[in-house]
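**Q** give me coordinates for this.
(chains A and B)
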2 protein chains.
Amino acid sequence: MSKNIFARIAAGEVPAKIVYEDDRAVAFRDINPQAPVHVLVIPRKEIARIGEARQDDTALLGHLLWVAAEVARREGIANTGYRLVINNGPHAGESVPHLHIHVLGGRAMGWPPG
Amino acid sequence: MSKNIFARIAAGEVPAKIVYEDDRAVAFRDINPQAPVHVLVIPRKEIARIGEARQDDTALLGHLLWVAAEVARREGIANTGYRLVINNGPHAGESVPHLHIHVLGGRAMGWPPG
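**A** Modelled structure (predicted):
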């Protein structure tokens, strides 16, 4: 079975501009950035999308949100502000079937969010 | 000290169209919806924004994400797709200083997300 691109990044098989990693999560720059700072936070565990996370994944999910906020602090956008986005399924434009949190900042973000 | 509007909704002091609640979270319809389904998921605990969550809040943060996905299932948008959004600070247009996750679905969402 071939892994998806994000699973391969998490496994170190594909290079990426990694900005944070620990035993459960990896954060790296989006290759098609939509803001001056655009980082993706993913779990090492293969969860296809948020809708497929189980209740016993909640500690991991919370850790991913904490990592997203930590990335924002390290990138210097914690005070100016940032938006976190999770896309699930066709209407959201979900791209890769490996759960990821977008961290976007460094510019004013509009409303609605897409 | 006067509570913010979301804390008052969580406390049952202000009415809202609640779609889900449990001992740690409340979900209710946004009064200014940006999509056919637009629900906000908040913790009962007063956390101003994701950047102020602490590492020992991660179980709660993960529960909020699980509730967001559960709301999507109950609203019938789990398969068509939905976007989760968390705004932190001025650049993101953060409105109320009480952590909330937007659940948006029922239409195709554009990219970038604002």
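
**Q** switch to C-alpha atoms for all contacts and neighbour counts from now on
**A** Will do.

**Q** ranges for the strands of chain A?
**A** A:18-21, A:25-29, A:37-43, A:82-88, A:101-105 (DSSP state E).

**Q** would you mind giving these as CSV with distance to B:G106 added?
**A** Formatted as CSV, the strands of chain A follow (distance: least, Cα to Cα, whole Å):
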stretch, distance to B:G106
strand A:18-21, 34
strand A:25-29, 29
strand A:37-43, 25
strand A:82-88, 12
strand A:101-105, 21
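
**Q** indicate which one of these is closest to B:E70.
**A** strand A:82-88 (12.5 Å; Cα to Cα).

**Q** strand partners (parallel or antiparallel) of that closest one?
**A** If you go by DSSP bridges, strand A:82-88 pairs up with strand A:101-105 (antiparallel), strand B:82-88 (antiparallel).

**Q** and the average pLDDT for it is what?
**A** In this model, strand A:82-88 has a mean pLDDT of 98.

**Q** got the CA coordinates for it in PDB?
**A** Extracted in PDB, the C-alpha atoms of strand A:82-88 (Å, rounded to 0.1, in the frame of the first residue of the first chain):
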ATOM      1  CA  TYR A  82      -4.100  33.600  13.000                       C
ATOM      2  CA  ARG A  83      -6.700  31.300  11.700                       C
ATOM      3  CA  LEU A  84      -6.800  27.500  12.100                       C
ATOM      4  CA  VAL A  85      -8.700  25.500   9.400                       C
ATOM      5  CA  ILE A  86      -9.600  21.800   9.100                       C
ATOM      6  CA  ASN A  87     -11.200  20.600   5.900                       C
ATOM      7  CA  ASN A  88     -13.400  17.500   5.800                       C
END
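
**Q** so which of the strands paired with strand A:82-88 comes closest to A:E75?
**A** strand A:101-105 (9.0 Å).

**Q** residues in contact with the closest one?
**A** Residues outside strand A:101-105 that contact it (Cα atoms under 8 Å, 6 or more residues apart in numbering or on different chains) are A:34-42, A:64-65, A:68, A:72, A:77, A:81-86, B:91-92.

**Q** do that again at 6 Å, thanks
**A** By Cα atoms under 6 Å, 6 or more residues apart in numbering or on different chains, the surrounding residues in contact with strand A:101-105 are A:35, A:37-41, A:82-86.

**Q** same check on stretch A:48-63?
**A** In contact with stretch A:48-63 (Cα under 6 Å, 6+ apart) are residues A:97-99, B:58-59, B:61-63, B:69.

**Q** 7 Å instead, please
**A** Under the contact criterion Cα atoms under 7 Å, 6 or more residues apart in numbering or on different chains, stretch A:48-63 has outside partners A:47, A:88, A:97-99, B:58-63, B:66, B:69.

**Q** by neighbour count, which of those wins?
**A** Among the contacts of stretch A:48-63, the one with the most neighbours (other Cα atoms under 10 Å in any protein chain shown) is A:N88, at 30 neighbours.
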